[in-house]
Structures are given as structure tokens and as C-alpha cells.
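>>> sequence and predicted structure are below.
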Protein chains: 4
Amino acid sequence: MTVSSGQTYLAIPGPSVIPEEVLRSMHRSAPNIYEGELIEITESLIPDLNYVARSSGYVAMYIANGHGIWEAALSNAVSAGDHILVLATGRFAHGWAEMARKMGVSVDILDFGKNRAVDVQVLNEKLNSEPKSKYKAILMTHVDTATSVKNDIASVRKTLDEIECPALLAVDCIASLACDRFEMDHWGVDIMVAACQKGLMVPPGIGFVFFNNRAKERQKNLTKVSAYWDWEPRVNPNLYYEYFCGTAPTHHIYGLRTALDMIKAEKIEETWQRHEILSRAIWAAMDRWSLVGDISLNIENPSDRSHAVTSIRLGGENGTRLRQWLQTKSGLTIGISLGMSEPGDPDGDGFVRFGHMGHVNTQMIMALLGAVETGFKAIGYNHGNGALEAASEILSSI
Amino acid sequence: MTVSSGQTYLAIPGPSVIPEEVLRSMHRSAPNIYEGELIEITESLIPDLNYVARSSGYVAMYIANGHGIWEAALSNAVSAGDHILVLATGRFAHGWAEMARKMGVSVDILDFGKNRAVDVQVLNEKLNSEPKSKYKAILMTHVDTATSVKNDIASVRKTLDEIECPALLAVDCIASLACDRFEMDHWGVDIMVAACQKGLMVPPGIGFVFFNNRAKERQKNLTKVSAYWDWEPRVNPNLYYEYFCGTAPTHHIYGLRTALDMIKAEKIEETWQRHEILSRAIWAAMDRWSLVGDISLNIENPSDRSHAVTSIRLGGENGTRLRQWLQTKSGLTIGISLGMSEPGDPDGDGFVRFGHMGHVNTQMIMALLGAVETGFKAIGYNHGNGALEAASEILSSI
Amino acid sequence: MTVSSGQTYLAIPGPSVIPEEVLRSMHRSAPNIYEGELIEITESLIPDLNYVARSSGYVAMYIANGHGIWEAALSNAVSAGDHILVLATGRFAHGWAEMARKMGVSVDILDFGKNRAVDVQVLNEKLNSEPKSKYKAILMTHVDTATSVKNDIASVRKTLDEIECPALLAVDCIASLACDRFEMDHWGVDIMVAACQKGLMVPPGIGFVFFNNRAKERQKNLTKVSAYWDWEPRVNPNLYYEYFCGTAPTHHIYGLRTALDMIKAEKIEETWQRHEILSRAIWAAMDRWSLVGDISLNIENPSDRSHAVTSIRLGGENGTRLRQWLQTKSGLTIGISLGMSEPGDPDGDGFVRFGHMGHVNTQMIMALLGAVETGFKAIGYNHGNGALEAASEILSSI
Amino acid sequence: MTVSSGQTYLAIPGPSVIPEEVLRSMHRSAPNIYEGELIEITESLIPDLNYVARSSGYVAMYIANGHGIWEAALSNAVSAGDHILVLATGRFAHGWAEMARKMGVSVDILDFGKNRAVDVQVLNEKLNSEPKSKYKAILMTHVDTATSVKNDIASVRKTLDEIECPALLAVDCIASLACDRFEMDHWGVDIMVAACQKGLMVPPGIGFVFFNNRAKERQKNLTKVSAYWDWEPRVNPNLYYEYFCGTAPTHHIYGLRTALDMIKAEKIEETWQRHEILSRAIWAAMDRWSLVGDISLNIENPSDRSHAVTSIRLGGENGTRLRQWLQTKSGLTIGISLGMSEPGDPDGDGFVRFGHMGHVNTQMIMALLGAVETGFKAIGYNHGNGALEAASEILSSI
């Protein structure tokens, strides 16, 4: 018997659960693109995106996914032949690096592995070993969606400042924006990229490059910027179509407007705090589960863990087995491993990821953990007791 | 801080969770009501409603809620001055009885209280103490939504047959249809009433009177039947508008079509089995919770418990306190007490009800139980440990 | 080749075109029915329904279609054995009369035929020929949806007052509410019935009985009122469920809230004026079409024509032929004849009706008339020229 | 008084009217992106897109608007320093050319003005005056959305073949695909670009580059292709995410699937024929309107007119005046002028455009023309009579 009737719950690290308010606002006839509501709503997005990112700078919006936004950011920051340094803490930093290489950029990578955050000591040493102005930009993820590590952006900036490194600091917040605390201005981030389908709770289709005046000035010195990726007309449009270099993504604009209204209603500090508490509930469950058997969090140090995504090592093929049972029997979908292959597990079948970003609350986290507990029993996976009660203990203090 | 962002989960005993497929099918322009798709879909509902009810008889559809359907059934079964017998196992049987009284019907009630099923011995004695043909109809609920008791319909029919009682057997399946096993033909039910907003997973707005040939013949002898409630033209329409005695509920028809397709895809036997397993998970949790403190299931005997709704006694004002915490802090809404007042608890603040009817699965039951566990901790309600793991143990065997 | 791709336009006299705002507001998860938003919204409907009806009285809401509402009104106004007088100007008055007869009410009908309004002289004579207090109620339609006649309610009231007739004046505004000017208080209407699927722009499923204090007092004298139809608890509920005598029509409540917001935003006087101008455009087209051939408006006198629906005689089988061509070739659905059979046309194949109620504007009226003009040419129907330009002339003066 | 209640009709040359079936299919929870339905649907799009384009080649899909797709096509066809020739018949060819220039491509333009099609004689002369292999690609629009000219692609190919010009022929079908007949294989087009928000009836957000083996082979010789625009992994994905170089546009995929199903149900030949007849109705109206006053079609030669969009010259500021009246008074939105400035009309206030692409039928065209006729009268614009009847004459022959 299948027991898959009932609501499905997509607990993967993006696309995330879409609020029905957002879906509702996108269910509409094509709007007038010349004047009226759509234009006003589009303009209203910018200050609210900045509110979410704690930024006072610019926001270029693109019809694109995260990969597209990576290319957008690179196109406005570097040219073929330039050098950049990538601080890698998981697959996504490598992906961004690869994209730069295909543009003809020369890429150095400082690889911190798959289960720890950037070490600023190592960064300091690296930068001191190279000519001061070698790197046009330093790229890193705030949260790597694959490993679920969260990096300390402020300390990276401090390091750069201390050695007076002139490189632009470009940060990928695709997985973290509106989930993990992020302070664009205060942390000294020059360029930040994000997309709409994670903490912003909108179906995939729009991405953002946030940037400050320093980045804006630097961009003017580039010899060539592709017309589509050029951020300048997008943040300073003479005509409405320039916001998106062509036809605007009409329905996503309505969806994003609604999602931003929801975040503003909750207040971003509260949003971050909600993600933190829900994460602590997951970690509390993990503490119990891991008392017996092989299960472990991929990121050991709590302060290095994202509040948006959690990567978990189950060992063997237990990740895939658990996922499949959950998918077919419980109505829950959890995330596959990405880039976590290791000796004896070339395909990452021993890993899973939980997404807990955006539109998520107590009953959903208990659904996630409760279904996983059920799955453990169903596949005969050895694990400690008391995980659900430990999680509920955390959540009861809300 | 409130942590009420995220999806809300309405776990009350109706209206139940509506599948997104159903909502989607109802989001449409007004259809042609003269010819084409709508007419064909309307006709197609009848055999499929009969499939769900295990009936080979007639189905009259009404734009009405459950109370309206009660009146519809009564209007076709009895006249002012007739006598009926009501077998009461909770508030809803009393409600139906009251409706009959307002029609001028003379009502006798056999009241079995609020926490046990109909006792056919008592029924037997009652019927033997009255003139054989006194009662035109015997009314009862299959499941009483207030107490969550489930009655043994087949044994009531057997009792009636043994003493050759000619009364029509009329059963309220509003809470149970498509959740608890129900066999209209096999169990010898003459009239059955249901509505769309519980196991049928459609927003409130349509109800049904199922009836067999015996009931159909009896109705012809009534001196007067209200035009709106008269079931005859509805089951034997010459013109389309007679299906609903006037304008058809266009959008609900689309929604119901989709819901019935979902049930047929799962198969009704599987649907019943799913509800049974999910119920057993709830009961397993209750077994643990009730090891400490005052919590108890309202219905002690497992075979008398519904698989669609569960009434629970927490004592004191703990029902209301739990509900309020869940509503504001967890995203979960559970059912209030109905008609469960008792000495020291005039308003039923010590009771709650869980709805688990229709569109519900493993991850949702774990969400329900997990949020309740969290709520217990939050309000400081004394309870036994291990409830969630006990529930997951049941669900893992799916 | 079929050219039926593209949007369909349902221009029948109800159900009417549903605004996308209304559909959107109905696309939602089942709401909490115990507390919060739903309850507040339900309460808010009453004053706004009264705003639309220009009433300061009571509104009982029912899950029912128009026929159900007829029965609701009768159930609260008369008992079996009572006498009523029906002023018939089309099929719907006869339908209401028939419903009263099935309740055991004794019905006299003053039939004014199918193409003219109530003649108060005739009414005056009739009432003077009967005992003064014979009739408990006088029933009539404001607009008959079949004939499209509009009756002068105020003059009927004046007639009743002049002869001090104590009967309740009960008016069916199902087709006219929020389309044709209606003044419940000012015109002295005691009971008014309406439904949501016409001028109120919501899918079929809710109906309304509006009534004043006089009707409220009279109802208390009835010996018996059915529990479902009894308006008293609905307008004076102790508990939320009494608003709808059982489960509330959750999704329709959201839809109706949105529709009323739209009417309030336009203002009801403007809404009436819009319907009037659009109607005059249709009449202007008819003036030209009827210069040649057999086409004619069913109601000759402009002041007796509804602004919500227009019945048209084409003769022969041209009504059915036109409808079928429009349905399959143009994307437009127009209304069938109802109750308009005449010698040589037993099935009313020579008639059609245009619905222009609720969510309708200039471009839609030009679509309606333009598609009909096209249909005339396609089926070879003889008609005068210049109709569309005449209509556009009216609409240009908006 | 405003009479803007009622349905709005967006008759601009894209975004076009979205079928409710498409919107409905996009209103859904985020789907599993790892396995199951979404993956199967994505794969299914390719053959059906090829069916619409009459192509047997490759389709690379992008999250992008038309401008993004221009850049995608260029990125796979040419490198900085290459020469291309652009055949310009309106603003959009110039836009594509400008995008190439920003990539560092050397662009020659053959400008045929704003109201006529490409003249292959002129092309022939131009190509003969240049070194045979100078141009890597020749760019042109099939239909220019600004001027509404339709070019004869087959004759351009014939010209290239005759002089053995090795350039890739790249055609912009953004405005024309699924509206005007287009034969990718048969006409010898190497690269074709399109987007989803016109004839494909989906909200803006996805675009397509169609290409054949010749283009595919040429691309391999490029020294550098941006990772995001590189079409190779998109048409030959090893992993699902490569279809869209990152997160797939989940909801647009559902919408596009539905839209393609609608086109297949109608059959593409029928779709083209429908657009042709509807266009002829518009032209017939124009023939009458233009009998008096200044109004004229921008494209004089019927065989050079698009069936998807029609640009019209009204003169003076009458375009803007008409648009504003229609927008505020009739519920209809028509297209602004784009790039049509001329002496005395720097802002193109004398022009309007009608979009009639995708989801459009008889009643909609009559709405469009009827509202425009009304608008002419309202603004006092001098025009000939009989336009609507002339249009209906054409449409009656369907």
C-alpha cells in the first residue's frame, strides 16, 4: 500500500515551499506593461530587497536562476584575463569559479573542504603571498547549499581591510538571504548575489545582484560588459523595459511583491530568529539520533551551520534509501547530496539535506523530523531515541 | 516572538485539508451551463459517489451544508406527526433530532451518552417495547463528529431485521464517508447523508442524500415534499437544472470531480486503510501520552473509534490552552470541543479534537502529533514520553 | 476549421462572468472556522449586502441557489393553507408560485404575460375584488430573467398602501441586484431574495433573504418554520455556525467579500449607471438590427427593460442556430430561451438572451454585439446594418 | 464616470493573453526537482517546441526574456571581432545589432526602413560587394514587433544559397512563433530565437534558441562561450540541472507544457490559419476606417504584414489619446508605438499597435475593433464607417 495521499512537503534546499499568498498573487491576467500598477510594484521592490539584505546600495534584477546571476555578477566585476580568488567551502563556490574560468578569468581557489568554514588565517597567508593587487575580486558563498556551511563574512572583510586588499568582495547569498542574518553594508560586502526561490519564497525565475558604490565605480572601468548582464541600465533605467533589459517577468514581480510584504510584516530580525530556532530544533534532534549509529551533521561547529539548510551524513546508501522511502511513503521530499562524494560513496548516496528556508514553521519542522524518524524505522536505520521530543523541547520555547 | 510564518495546517474534523488539485480545478471562468463539459461532469459524479459509498442506489445532490442535508433527508422520509427514533452517541444525532422536531415530527431518543457506541441490546429492547410500526425511520450517525465514536451500522440493521422493524434506517456519514469503511448496500442502509467538505476534500457547499429503492418507494407516499428538498427530480432530471433544483454549483462540481478522481486513483479500500493506519498512529501516541497525567481518548474501545476524527480529553482548561498555543505559535489548528461539557467544564475547555479525514498522510500526522507534543511542553501540560516515536513506529510499517 | 481558441465569454443571464480577483480570493487553504479572519469577514458581509440593496434591515445568508432562496423566503413568510398573490411577468414568477403550492400554500396568479411589466391598475382591481386580508404575501420579480422585463416595485408598493393591503411584499432580485437600481427601504419592500452568481459576481452557492422588521415580526407568528430555512438564528446568531445553520461556505465567503469590495470601490450608483449605459448600447444595436427582418426586443417599452439581461426574439429556429454558431466558432456563449415557447416555436428556438450583469464593460459589450453580428452573417440571418456603430456611439459618451 | 469595471483585455504585441488553463497549471506547490513528473515534462517540451517551429534540430531553453535570448544566440554564433550583417526592418533588428556590438562584434546593417520588408535584391547586392566569407551570421526578424512587418525568410535563404554565402542565418521569431507560418527546416534557418510570452501564451520568463547541426558544428569552433549561454549542455544534458544551467523554472515548465498541449490540440496549421483570418478581419476594418481621415496600416503590402501584430498610424497625438481613452474607459489595452518616431512625432504618439497573438478568437477581435471604434468616437477621431461590419464579414466565413 502507498500512503502518499495528502499534502506533499518539499523540504529541499530550494526551490522552497511557496506561500499560497504568493501563488495567488501570480495567478492573474497579463498586466499592462506600459503604465500603472506593474511599474509601481517593480519600483517598490528595490527598497524592500535592500531591507532584506541590509543594504543601502543598488539592486539589479534579472530574469535568471542562480547560475545566471553568478554570470551577471562576474560580468560586471571582472574581464577575461583578470585574476580572482575563490574561497571554497563546498560545491557552489567551485561552480562559480568554473563559470569565471569559462569567461577567461584566471581563478585561484582556496579550498577549505566540505565540512568547515573559511579560515581567515589561511586567507591572510594566501593574500600576503601574492601581489597586493593581484585579485580583482574575492568570491565566496555565505552559505554553501551543498555542505550547509555558513561563512563569517565580516571576518573575511576584516582580513581584507587589515592587509588593504583592494579586491571586491563578492558573496553568494542564494541559499541564505532572508534566512541567515546578512548585513550587506555593515559587513562590507561589495557585491552580493541572490535568487528568488529560496528565502524569498517565489518560484524560480528572478535573481538579483546587489552592489555598492565601490563596485559600481569599478564596473565603469571594464572595457566591455555584455548588454544583457550590464547592471547599469537596470539600476538606472530611463525606460521601464530597462529594469529587466527587455520584457519584465510580470508574474514573478507580483509574486515577489507579496513575498516581500510577508517578510516585512514579520520583520527581518524576526525572520532570522525564526530560522535560528527551527534550526536548533533540527540540531537537537540530530544530537539524539547521533547517539547511536553513524548519523552526523556535516558541519560540526554550530556557529558554522546555516539556518537555511542542513547537510547530514548517514553513511552507506542510507541517504538514498531514506529519501526514496520518504518520497513514496510519507509525502515528504528531502534534498539529495550535492558534491559530497567520498571514498566508498562516489555518488553521495550516504548524504541527505534538509531545506528549512523561507516559509517554514513549527508544525513543518515537526513534520520533517517526524517523517524522517518514521523513515529511519522503515528502512531499519540504526539511530538514537528521543530526537522528536528534543526538537519539540526547543520549539516549545518560542 | 511569533513563529507562525510557514504553512498553516487545519487539522479539524471538517472542513478538511483541500488538495491543491481540487482548488486548481475550481479556479476557472464560469462555464456554459446549457451544454458540454459541465453537464457531462455532473452526470459522471453519480456513479463515483456511489462507488465511494458502496451503493447501487440513488444520489440526490444539493447546494447545502450538512444541516441542510439533514433537512433534505428528513423531508423525503417523514411528515409532521410521524414518529422517529434517534440513536444518539453525540451532539450531532441530537442536532438531527432537533431538526426533525422543528418539522413537527415526534422524536424518541435512545441516548448512549458521549463516549460509547450504540448498544443493539438496548435498541432491541426499546423497539420491542413499542408498537412494531411506530417509527417511520431510525436515525443515527455512523461517526459522530463531536465524540468521534463510530457505530456498527450492520449490527443495527441486523437488529431491525430480526424484529422485522419496518422503519427506514437513515445514517449520517458526514464525518465518515471516504474515511471509515461504509457499505451502503451490504449493511442495509436505506438513507445516507454526506457532505463534500470532509472525506470528499472539497470546500463546503454541496451535500448528498443517498437512498435505495425502499426509501424511494416510501417517499412517494408522503403527502407533501418541499420542492427544494424533493429528491425525485434530482435523481431523475428531465432538464439539467433539476439536478440541483435551479442553478448548479458550477465550481464545486469541478472540485468534486477532481476529488473523486483522486479517490478512485487511490481506490476506496486503500483510502480506508490509509485512514486506519494514520488513526492507529494517533492512538499509539495517545497510549504513551496517557501514561502520565490526565489525557485520555474519549472513546476507549478501539473498534468504536472513528478513523476520521479523534476526540481527546485533556481536563481543566487545557484543551483551550493547547489550541490557542498551537494556533498562534505552530501553524496548526486543531478542533474545539463540541457538546462535551461536563461537570466542572461547562464550555468543554478540557477537550480537543483532531481531524484526520481526507487529504492526509504520514508527514501530516507527524506534524499534528509533533506540534501537539510541542504544545504540551509549551503550556506545561503533564504527559507521558515516547508518543512521537510510538506513532512513527506504526507509520513505518506502511 | 474551428476558431474557438482564445478566451470564452459567458454572456448568459447568470451565472455571470467572475472577476479574477474573486476567483483568486477563493483559491486558498481551508480556513479556521472557529475564530479569526473568516468570522470577521462573515460579519462584514451584512452591512455591505445592505449597502448594495439600499436596505437597513436584516440579511439571512444561505448555502443555496435561487430556488433554495425562494423556499427560504416562503418558509419564513407563509404557512400551508395561507393565500398569496403572485404577479407574473415571466417564467420565474411562475416557478416561485409553484414552489409555494408544493408547500401547501394557496396561490393566485395575476399573469401579465411574457413581454410586459406589472400593470398596477390590474393589481388594484384584483385586490379590491378580494377580502382585504386574504393574501399573506404578494410575490413578484424585480426583473424576470426569462423575459427580461423590469417591474416598477415602487408603484406596486404605492398601490398596496393606497388600499391598505397588509400583505408582505416579497420581491425576487436574483437577476437584478447590483445591476438595476433597487431601493429596498425606499420602495417599501418587506422581503427580497437574491443570489451570488449574477450581479454579485461569485460562483453559484450562496443566496440571501433580505427582510425588514415588519417581515421579522410576522415570521414570529408562524406556527412552524423549518430549522434550515428559519431566518431568525441566521440574523441573530449566538454562535458562528448559526450564520449558515451549520458549516459556513468558507470559500464563497472570501469570494463574496472580494466582490462586495469591488462594488463598494465603484460605488453602487456608478454600478447601476454602468449597467444602464451598457444596456442602452445593446438597445441601440437592436434598433438598427431590427430595421430589417424579424428581430425584436422582447420588451418594447425601454423603461420596462432590465439593465442586466435582454431577451430577444429572432424567430424560426434562428435563436438556436445563432447560439450554436457562436458557441463553436466565436468563443461567445449567449443565453437560451426560457419559458418563451409560442405558437410555432414550442421549444423557444426563436429566442436568445444576452446576460450583461456584474463584471462587464465596454470592450465586453462590443465583443458580445460584434460576435452576434458575425453570427448573423454566418447563419445568413437577415438584419439591419449599423448596429455596432450605433452601440459604439452610446458607449463613446461614457 | 469610469466604466472600467469588467474584464481587462490586453491586446498588446506581447505579453499576450494567457489562457486560464496555463495559469491554472502554474498554480501549484514547488515540485520535486530531482525526479518524477517535472523531469518528464521538461523532456517532453523539446519535441513539441520543434513541432511548433517545424524543426528537426535542437532547442536550448533559457530562463530569460527575448533580449536574453538574443544574447544567448549571439554567444553561440559569434565572437568578438567577427562580422555580422543585420537586415533591419524595425526597431528590434537594431536592438539585436546593438547587443552584438556590445559583445565586440562588428555589425553592418542593411536598413529597409520602418514600413517594408527585406528586399533580397538589395541583400544580394550587398553580399556581392563584400568578401564572400566576411559575415559569420546574418541576423533578421521574421516579424518585427515594432513595425509589424513580416519578412520572407525563404527568399533570404535562397539568396544566400545562390551566392554561396556561408553565414549562419539567424532569425528572431519572438513575435511570430505559433502565429505566423514558420518553417525552420524547410526555409533553411540555422538559428531561431523565440520566447514564451507571445504566441506561446505563457507569462514572460523562458526563451528558446532553436538551431540546426550546421550551427551546432560552428559553435564548437568558438574559442570561448559563456557558461550560462552555452547551448551545448542545455541540449545534451548529463544531469537535469543542465537543461537550464542551474535551477529549472519549475512553474513556467508546467505553464509551457499546457500551452503546447493547447497548440497541439488545435494543430499548428490551424493555429496559423486562425491568426490569418483574425488578421484579415483587422485589415478589413482598417480598409473602411482609412476611407476617411489619416489612419493607415504601417505595412501596405498584405503579404508583408504579420498575423500576430499590427502597427497603425493615426497621426498627430491620436495614438496616445486613443490608448488612454481605451485604457481608462473600455477595459482594453493596446500597444504603444515603439521606435516609430518621425518628423513632427518624436515620441511616436501618432502610432498604436494591436497584438493578436496566441490566445485570441472571434469575439476578442470584435472586442478589440469595437472598443477602438468606440474610442475613435470618444476622442473625435475622423474615420470611415462600416469597419466593424467589414470585420465581421471576414470572421463569419470561418
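That came through fine.
>>> looking at it, A:Arg181 is touching A:Gln273, isn't it?
No: in this structure A:Arg181 lies outside contact range of A:Gln273 using Cβ atoms under 8 Å: 9.1 Å. C-beta: built from backbone N, CA, C; applies to glycine.
>>> residues contacting whichever residue of the stretch 51-200 of chain A sits closest to chain D?
Of all residues in the stretch 51-200 of chain A, A:His67 sits closest to chain D, at 3.2 Å by Cβ to the nearest Cβ. A:His67 sits next to A:Gly95, A:Met99, D:Ala227, D:Tyr228, D:Cys245, D:Gly246, D:Thr247 when contact means Cβ atoms under 8 Å, 6 or more residues apart in numbering or on different chains.
>>> pull up the gap between the most centrally placed residue in chain A and chain C, please.
Nearest to the geometric centre of chain A sits A:Ala175, at 0.9 Å (Cα atoms, centre = their mean). In this structure, A:Ala175 and chain C are 27 Å apart, going by Cβ to the nearest Cβ, to the nearest Å.
>>> cool, and A:Gly57?
When A:Gly57 is compared with chain C (using Cβ to the nearest Cβ), they lie 35 Å apart.
>>> contact partners for A:Ser29?
C:Glu20, D:Gln7, D:Thr8, D:Leu10, D:Val17, D:Ile18.
>>> quick one: the strands in the stretch 251-398 of chain A?
A:296-297, A:309-313, A:332-336, A:351-355 (DSSP state E, counting those that start in this stretch).
>>> helix/strand/coil for A:Gln229?
Actually, residue A:229 is Trp. It isn't Gln. coil (DSSP: H, G, I helix; E, B strand; the rest coil).
>>> tell me, how many neighbours does it end up with?
Neighbour count for A:Trp229, taken as other Cβ atoms under 10 Å in any protein chain shown: 26.
>>> quick check: phi and psi on it?
Dihedral pair for A:Trp229: phi -90, psi -20, per degrees, to the nearest 10.
>>> residue contacts, the closest residue in space to it that isn't next to it in sequence?
Closest residue to A:Trp229 apart from its sequence neighbours, by Cβ to Cβ, 6 or more residues apart in numbering or on different chains: A:Ser75 at 3.7 Å. With contact set as Cβ under 8 Å, 6+ apart, A:Ser75 has these partners: A:Met103, A:Val225, A:Ser226, A:Trp229, A:Asp230.
>>> which helix or strand contains A:Ser75?
Using DSSP states H and E, A:Ser75 sits in helix A:66-77.
>>> tell me the helix or strand right after that helix.
strand A:83-88.
>>> isn't A:Thr271 right up against A:Ala178?
Yes: counting by Cβ under 8 Å, A:Thr271 does reach A:Ala178; the two are 6.0 Å apart.
>>> those two: who's more crowded?
The neighbour comparison of A:Thr271 against A:Ala178 (other Cβ under 10 Å) goes to A:Ala178, with 26 against 21.
>>> got phi/psi on the closest residue to the more buried one other than its chain neighbours?
Computed as Cβ to Cβ, 6+ apart, the closest residue to A:Ala178 that is not its neighbour in sequence is A:Gly199, at 3.2 Å. Dihedral pair for A:Gly199: phi -60, psi -20, per degrees, to the nearest 10.
>>> for the stretch 51-200 of chain A, just list every one of the helices.
Using DSSP state H, counting those that start in this stretch, the helices of the stretch 51-200 of chain A run over A:66-77, A:91-102, A:120-128, A:153-162.
>>> out of the ones you listed, which one sits most buried?
Comparing the helices of the stretch 51-200 of chain A by mean neighbour count (mean count of other Cβ atoms under 10 Å in any protein chain shown), helix A:66-77 comes out on top with a mean of 27.
>>> restricting to C-alpha, output it in PDB.
Output of helix A:66-77 as PDB, limited to C-alpha atoms (Å, rounded to 0.1, in the frame of the first residue of the first chain):
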ATOM      1  CA  GLY A  66      21.300  31.400  -9.600                       C
ATOM      2  CA  HIS A  67      23.800  30.400 -12.200                       C
ATOM      3  CA  GLY A  68      22.700  33.200 -14.400                       C
ATOM      4  CA  ILE A  69      23.200  35.600 -11.500                       C
ATOM      5  CA  TRP A  70      26.700  34.300 -11.000                       C
ATOM      6  CA  GLU A  71      27.500  35.200 -14.500                       C
ATOM      7  CA  ALA A  72      25.800  38.600 -14.200                       C
ATOM      8  CA  ALA A  73      27.900  39.400 -11.200                       C
ATOM      9  CA  LEU A  74      31.100  38.300 -12.800                       C
ATOM     10  CA  SER A  75      30.300  40.200 -16.000                       C
ATOM     11  CA  ASN A  76      30.100  43.400 -14.000                       C
ATOM     12  CA  ALA A  77      33.200  42.800 -11.900                       C
END
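>>> quick one, that helix and strand A:83-88 angle?
Computed by axes from the mean of the first three to the mean of the last three Cα atoms, to 10 degrees, the angle separating helix A:66-77 from strand A:83-88 equals 150 degrees.
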